[in-house]
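Novice: please work out how this folds:
(2 chains)
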Amino acid sequence: MLDIPRRPGWLGGVCAGIAYRLGIDPLIVRGIAVVIAVLGGPVFLLYSAAWLLLPDLEGRIHLQRLFEGIFDRALVGIVAVFVVGLLPVAQGFWALSAGYWGDASVFGAVQRAFWTLIIIAGAIAATIWIARATQAAAAAPVATPATPAASPASSPATTDDRPETIPTGETAGAPAAAPTEPVAPAAGASEEQISAWREQQAAWKIQFDAWKAAQAADAKEQRLRRQAEARTRAAEAAAASAERRRIRRLNNPRLGGSLTAMVLGVALLAGGIAAVIATGSSDWQGAEVATGLAVATITVGLGIVVAGAFKRKAGFLGFVSVLLVFATVIVGFVPRDRQVIASIDGYGLVTSESGRWAQLAGGVSLSLMETDAPIVIDLWQGAGDVSIDIPNDVTARIETVQEGTSSSSLVFSLSAPDGTTTTAEPLHPDVYRGAHTYDHKYGSGPTEVTVRVWQGAGTITIRQPLATIPNEGTNQ
Amino acid sequence: MTDFSGTDETILIEPPAASVRGPQVRIGAIVWGLIVIAVGAATLAVLGSAERRDAVIGWLVHLTPGQGWLVVVLVAGAILLIVGALAFVRRLRRR
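Specialist: Predicted coordinates for the structure are as follows:
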């Protein structure tokens, strides 16, 4: 259907199959899969589905064989990968740190732990069940159509102790029908009739046992023959596969470990030197890691280009390059001139000193306090909620910039002594260069705290205790 | 002397479909390497100045959903174009 047969690979051969279909190195596909899995993509679930549904090189599909009652040992692996995909840990590293989406509560952690335990218990149960089913399928004798439904324990497996029952060539060739049991005499039958029937019955018993033994011997012989055939086929397939691999190696010579190590060494050196240079330059300061990664990425890219021009396959460099590209882009755009705080909801920020913070997404609760000297608190937030609590005795200047004008709001609210919010009214920021800007001083004394908030999208709430008259102060 | 009779036997069992045509210049790898270089160079260029960094972040923040999908479509188109071109080159070479 998709024309992607699975090939011998690390696990189920799905990545290898895709790579072979696209004509690229399997390590690149594996690298991409690992990166997507780390970022939270459902790679494990898709992998197990592909393993189950895609045919192998001989056109066998595990699901189809399952419907036919054949339990392949690979099913254990498929179920294991599927179950790993259900684990919270496998759903991206965000899940580990509790939260890109802000569920950092103890309750959430307990829920996740329980979920993990349930999944692991289910995994163990499923593995045991499949392993038993596989063993049972392997141990069951090959059934022939004429074999009566006799349990294996009661039927003799060999004819060793019954030389008279050894089947002739004719009986071994075609499965003979079972001898028919003599009909029991009617209720009022005479002694002679009954004894005649007993003799018949005894003769039939001998015949039937001989027939059963012949059937069993026949089945065993067939089983051995099939096993031998399967071994021969497997050996042939392995030999053909080895030959194909040999030719593939001849057509695609590898770069070799020493040259790969050299390219990686040059990349490390170049990246390190670039990072050192960045430290000394005002323009680049703070971006040392990203600069080093970018230079290393460029070096590895050059290595791949040169290897390709010299007809050499650089699989490991390709794998490294996928990781480097993602690392460079991600590290390059993390704010570097400020402290990055966790992407959780309700991050409490209480400080009496100046500082610069950044939060990708979530919620920040900023509580101001009296200070000896004026301070500046600078907060950058990609998206989420920011609340600023201004006590009565603190004079604060609040400057906000909200970039997403359509998806942002700015409100003022009064909080009662018991902590409940009584009123919330929208403030009306100015529009400057396509962004909402707001600059207001709360309180009447000299400014003690200056709060600067830059927000991509979301809500900023300014709270004061109920005793304060709303909006007392002056516009700046 | 090494005895290659075992190897010859395996060839006789199933003649391989592929043939030894010798290594060729790896155009796919070269294109991938160029993409990697471009990503690294672009990141360096953006990191080098505060204005460019702010411009990029501002552009990202001001993307509307429609523009975001437009970017996705453009990237997907570029990937398709490159993959298709590579497949075409491979077909030409096999002739």
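Novice: okay, residue 6: pLDDT?
Specialist: Here I'm looking at chain A. Predicted confidence (pLDDT) for A:Arg6: 80.
Novice: my question was about chain B
Specialist: On pLDDT, B:Gly6 comes in at 40.
Novice: ok, now A:Gln135?
Specialist: For A:Gln135, the pLDDT comes out at 68.
Novice: ditto for A:Ile130
Specialist: In this prediction, A:Ile130 carries a pLDDT score of 75.
Novice: my read is it is in a strand, agree?
Specialist: No. Under DSSP: H, G, I helix; E, B strand; the rest coil, A:Ile130 sits outside any strand and is assigned helix.
Novice: wait, it touches A:Leu75, no?
Specialist: Yes. Using C-beta atoms under 8 Å, A:Ile130 is in contact with A:Leu75, at 5.2 Å. Every residue, glycine included, has its C-beta placed from N, CA and C.
Novice: between the two, who's got more neighbours?
Specialist: The neighbour comparison of A:Ile130 against A:Leu75 (other C-beta atoms under 10 Å in any protein chain shown) goes to A:Leu75, with 22 against 19.
Novice: what residues are up against the more buried one?
Specialist: A:His62, A:Leu66, A:Ile130, A:Thr134 (C-beta atoms under 8 Å, 6 or more residues apart in numbering or on different chains).
Novice: quick one: A:Leu414 from chain B, how far?
Specialist: 31 Å (C-beta to the nearest C-beta, to the nearest Å).
Novice: in the sheet, who's paired with that residue?
Specialist: Beta bridges link A:Leu414 to A:Thr423, A:Gln464, judged by DSSP bridges.
Novice: low pLDDT regions in chain B?
Specialist: Along chain B, the model assigns pLDDT under 70 to residues B:1-18, B:61-62.
Novice: tell me how far A:Arg338 lies from B:Val73.
Specialist: A:Arg338 sits at a distance of 34 Å from B:Val73 (criterion: C-beta to C-beta, to the nearest Å).
Novice: can you show me the strands along chain B?
Specialist: Per DSSP state E, chain B carries no strands over any range.
Novice: go ahead and flag the most central residue of it.
Specialist: In chain B, the residue lying closest to the centroid (C-alpha atoms, centre = their mean) is B:Trp32, at 3.7 Å.
Novice: ok, it - contacts?
Specialist: B:Trp32 sits next to A:Ile24, A:Ile28, A:Ile304, A:Gly318, A:Ser321 when contact means C-beta under 8 Å, 6+ apart.
Novice: ok, A:Gly122 next?
Specialist: With contacts defined as C-beta under 8 Å, 6+ apart, the neighbours of A:Gly122 are A:Val83.
Novice: which SSE is it in?
Specialist: A:Gly122 is part of helix A:106-139 when elements are defined by DSSP states H and E.
Novice: name the SS class of the residue nearest to A:Tyr347 when sequence neighbours are not counted, please.
Specialist: Leaving aside its sequence neighbours, A:Tyr347 sits nearest to A:Val364 (C-beta to C-beta, 6 or more residues apart in numbering or on different chains; 5.0 Å). Under three-state DSSP, A:Val364 falls in the strand class.
Novice: for A:Gly188, see how far away A:Val364 is.
Specialist: Separation of A:Val364 from A:Gly188 (C-beta to C-beta): 101 Å.
Novice: more neighbours, these two?
Specialist: The neighbour count for A:Val364 versus A:Gly188, taken as other C-beta under 10 Å, is higher for A:Val364 (23 against 6).
Novice: quick one: the strands in chain A?
Specialist: Going by DSSP E, chain A shows strands at A:339-340, A:347-350, A:355-367, A:375-389, A:396-402, A:408-415, A:421-426, A:430-432, A:435-442, A:449-465, A:473-475.
Novice: same list (those) but as TSV, adding mean pLDDT.
Specialist: Formatted as TSV, the strands of chain A follow (pLDDT from 0 to 100):
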stretch	mean pLDDT
strand A:339-340	78
strand A:347-350	86
strand A:355-367	87
strand A:375-389	90
strand A:396-402	91
strand A:408-415	85
strand A:421-426	73
strand A:430-432	82
strand A:435-442	88
strand A:449-465	89
strand A:473-475	57
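Novice: to A:Phe82, which of those strands lies closest?
Specialist: strand A:355-367 (30.3 Å; C-beta to C-beta).
Novice: send the alpha carbons of that closest one over as PDB?
Specialist: C-alpha atoms of strand A:355-367 as PDB (Å, rounded to 0.1, in the frame of the first residue of the first chain):
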ATOM      1  CA  GLY A 355      16.300  41.800  38.100                       C
ATOM      2  CA  ARG A 356      15.300  40.600  34.600                       C
ATOM      3  CA  TRP A 357      13.200  37.500  34.200                       C
ATOM      4  CA  ALA A 358      11.700  35.600  31.200                       C
ATOM      5  CA  GLN A 359       8.900  33.100  31.000                       C
ATOM      6  CA  LEU A 360       8.000  31.300  27.800                       C
ATOM      7  CA  ALA A 361       4.400  30.700  28.800                       C
ATOM      8  CA  GLY A 362       2.500  30.300  32.000                       C
ATOM      9  CA  GLY A 363       1.600  32.600  34.900                       C
ATOM     10  CA  VAL A 364       3.600  34.900  37.000                       C
ATOM     11  CA  SER A 365       2.400  36.400  40.300                       C
ATOM     12  CA  LEU A 366       4.600  39.400  41.200                       C
ATOM     13  CA  SER A 367       4.300  40.700  44.700                       C
END
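Novice: only the buried residues of it, if you could.
Specialist: Going by neighbour count (16 or more other C-beta atoms under 10 Å in any protein chain shown), the buried part of strand A:355-367 is A:Trp357, A:Ala358, A:Gln359, A:Leu360, A:Ala361, A:Gly362, A:Gly363, A:Val364, A:Ser365, A:Leu366.
Novice: over to stretch A:312-320?
Specialist: In stretch A:312-320, counting by 16+ other C-beta under 10 Å, buried: A:Arg312, A:Lys313, A:Ala314, A:Gly315, A:Phe316, A:Leu317, A:Gly318, A:Phe319, A:Val320.
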